[in-house]
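Student: Return atomic coordinates for the entry below.
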Amino acid sequence: MATFLVVAVFIAFIALIFTGGYNSDFLDRARKTKIWDWITTVDHKKIGILYIASGGLFFIFAGVEAALMRIQLLFPNFDFIGGATFNQLLTMHGTTMIFLVAMPVLIGFMNVVVPLQIGARDVAFPFLNALGFWLFFAGALLFHCSILFGGMPDSGWTSYVPISLNDYSQGPGVDYYTVGLQIAGLGTIAGAVNFLVTIINMRAPGMTLLRMPMFTWTTLVTSALLIFAIPPLTVALFLLMFDRLFGGNFFNVAAGGDVVIWQHLFWIFGHPEVYIVILPAFGMISEVISTFSKKRLFGYTSMVFATVLIGFVGFMVWAHHMFTVGLGPMANSIFAVATMTVAVPTGIKVFNWLFTMWGGRLKFTTAMIWAVAFIPTFVMGGVTGVMLGTAPADYQFHDTYFVVAHFHYVLIGGTVFGIFAAIYYWWPKMFGRKLNEKIGKWHFWPFFIGFHLTFFPQHFLGLFGMPRRVFTYESTPMVDMINFISTIGVIGMTIGSLAFFYNIYVTTRYGQLAEADPWDGRTLEWSIPSPPPNYNFAQIPLVRGLDAFWLEKMAGKKEMIPSEPLQPIHMPSSSHIQLIISLGFFMSGFGFVFRGFELGALGLAIAFFGMFMRSFDKDRGYYIPKEELENVEKGA
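Tutor: From the prediction side, this is the model:
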């Protein structure tokens, strides 16, 4: 705790030096900086970029952790990092990729794209949107403070009890996990509520539910999943925190607790979480394939109902992670059938993507290449998922590298491939520049080949019986060779990732400027300038059908028909109150991690004080005058 306070004071001291010290002009100087503009913004586009940038930062952390683990497994009986460090890296990598990379990047794209796709000027609750990001970032930062202060968690990303209790995981590592994820979860819930209200209430005139773009539909279903899936995880983390910090006995079998309850609570969240991170990727792939096939998405209505069905059935399959627990043949059979049922709506989506491309005028941009690669890769992950959903077979596959291969094919071959497609597709809209296509190919091919080289052989490691989460293994000819090949594949993924970040650098410095509609797009976001003005639409458009912008272009028009006259636009003001609330939760979390309950109470008091300030904040925003809008639109 003392170390933390010293570091905090030092950072504050350095900040005062670089800002010229605190005096009567300090806040005026701060408000004129770009940093202040970004950290106090309530603009959904900037908040989305902050989410994506944060996910990119944590992606680097998770990638380094994965590389270190694969190096440890390069040779049998290798002593590169040791078992204790391996367990910590394993926990950090899994937790970071799921909670701090996949989810924030997807939520970032929801923030940037969905209001533009539905013809809205912002989300329903701009301040809540900003608060959601900063709560997420506070929780993520607290979790990663474990690297510097006290030790990283070491009980796996699922944090199963009793391994994660004080008897087996001493030190503050698991406390960082429980408290950090609870704070980040508050932000995620706030974002989910915001998107639901935004999509339901703020669509442009004429945009009925069955005229919404596919990415907006997947965002709507994902938001509903989050609202129902995050609370069980929060309950589980809260109970674990009480066991560790206050001597509770929720999971202490000797005192009447039950360790299986943790598994139920975790997986009631955990399997819907799979659809939380894959459904938005489905929406991204749908947008990319439709645009670069120059065709309306085949079977749009069936795609919508398949999306809703996946979300519904996704809550009925959690116990297939627990076939070996001993629930009995009846329960195992029910959950096995439910698991196989999910394959039906997923199959509908796969065939609809293929039929969309069939007969289309395909243009293989980098975004399209990622989308096409997504289809067979994700299908492989889905097929092994059905295998794991077969209870008798799962007794053989459970806790082996077969499971590792399966979920990486789903979460990298599915979610990450979809994210890369979306980045290349929507980058011009976010920043006004197109990512370099040639470097994009250098990103794709090493990463794609390296991914399959890393994870496809791991299916056979599982069939040979190699358990997951082990830091070393005895020498066996086939197992040695497969582990060696698997580690070599990481080199390809690393080269591809470096090419991607180099592409961002080159594009930022020298990139080709993008026009409003660089891809000849179909949806409303391509009808406004790149990057969009802070108000998005000077006049809310009138939607006359699915693929609204494409419909107008086919009618010979270059822009959307407005649904209202040009008039002053009300915009929300920036705010710093969300920073106070998030800082309070961060301080409180740090206090509870180190059992400094006074600091924990002080942090909560600061957070509630920030909420009090917001409740009585009389700033009702500002108006952009009609004359300014006319000048901006003429310049566009």
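Student: Quick one: residues contacting the nearest residue to residue 39 once chain neighbours are set aside.
Tutor: In space, residue 39 comes closest to residue 579 once its chain neighbours are excluded; the distance is 6.4 Å by CB to CB, 6 or more residues apart in numbering. (C-beta placed from N, C-alpha, C; glycine too.) The contact partners of residue 579, by CB atoms under 8 Å, 6 or more residues apart in numbering, come to 39-40, 134.
Student: Which ChimeraX command selects the buried ones in these?
Tutor: ChimeraX command restricting the contacts of residue 579 to the buried ones, with burial defined by 16 or more other CB atoms under 10 Å:
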select :39,40,134
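Student: Restricted to helices, list the contacts of residue 579.
Tutor: 39, 134 (DSSP state H).
Student: what about this structure, any weak spots by pLDDT?
Tutor: 1-27, 635-636 (pLDDT under 70).
Student: quick one, domains of it?
Tutor: Following automatic domain parsing, one finds the domains of the chain at 1-32, 40-224+532-636, 270-519.
Student: so how far is the longest one from its chain's centroid?
Tutor: This means domain 40-224+532-636. Here domain 40-224+532-636 shows a centroid-to-chain-centroid distance of 8 Å under the convention CA atoms, centre = their mean, to the nearest Å.
Student: quick one: the strands in the protein?
Tutor: For the chain, the strands defined by DSSP state E cover 433-434, 512-513, 569-571, 622-624.
Student: So for residue 186, which of the ones you listed sits nearest?
Tutor: Nearest of these to residue 186, taken as CB to CB: strand 569-571 at 26.1 Å.
Student: If we go by neighbour counts, what in that closest one is buried?
Tutor: For strand 569-571, by 16+ other CB under 10 Å, it's 569, 571.
Student: ok, now stretch 543-555?
Tutor: Buried, per 16+ other CB under 10 Å, within stretch 543-555: 543, 546-553.
Student: again, but for stretch 165-174
Tutor: Buried positions in stretch 165-174, judged by neighbour count with 16+ other CB under 10 Å: 165, 169, 172-174.
Student: Need those in TSV (columns: distance to residue 49).
Tutor: TSV is the format used below for the buried residues of stretch 165-174 (distance: CB to CB, whole Å):
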residue	distance to residue 49
165	40
169	36
172	32
173	31
174	32
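Student: which of these sit farthest apart?
Tutor: So, the buried residues of stretch 165-174 by CB to CB: farthest apart are 165 and 172, at 13.7 Å.
Student: shared neighbours, these two?
Tutor: Counting by CB under 8 Å, 6+ apart, nothing touches both residue 165 and residue 172.
Student: end to end, how far does stretch 572-581 reach?
Tutor: Using CA to CA, to the nearest Å, one end of stretch 572-581 lies 19 Å from the other.
Student: actually stretch 582-601, not the one I wrote
Tutor: End-to-end span of stretch 582-601 (CA to CA): 14 Å.
Student: likewise stretch 528-544?
Tutor: Across stretch 528-544, first to last residue, CA to CA, it's 17 Å.
Student: any idea how far that stretch is from the chain center?
Tutor: On CA atoms, centre = their mean, the centre of stretch 528-544 falls 26 Å from the chain's centre.
Student: So which bits of stretch 501-517 are buried?
Tutor: 503-504, 507, 511, 514, 516-517.
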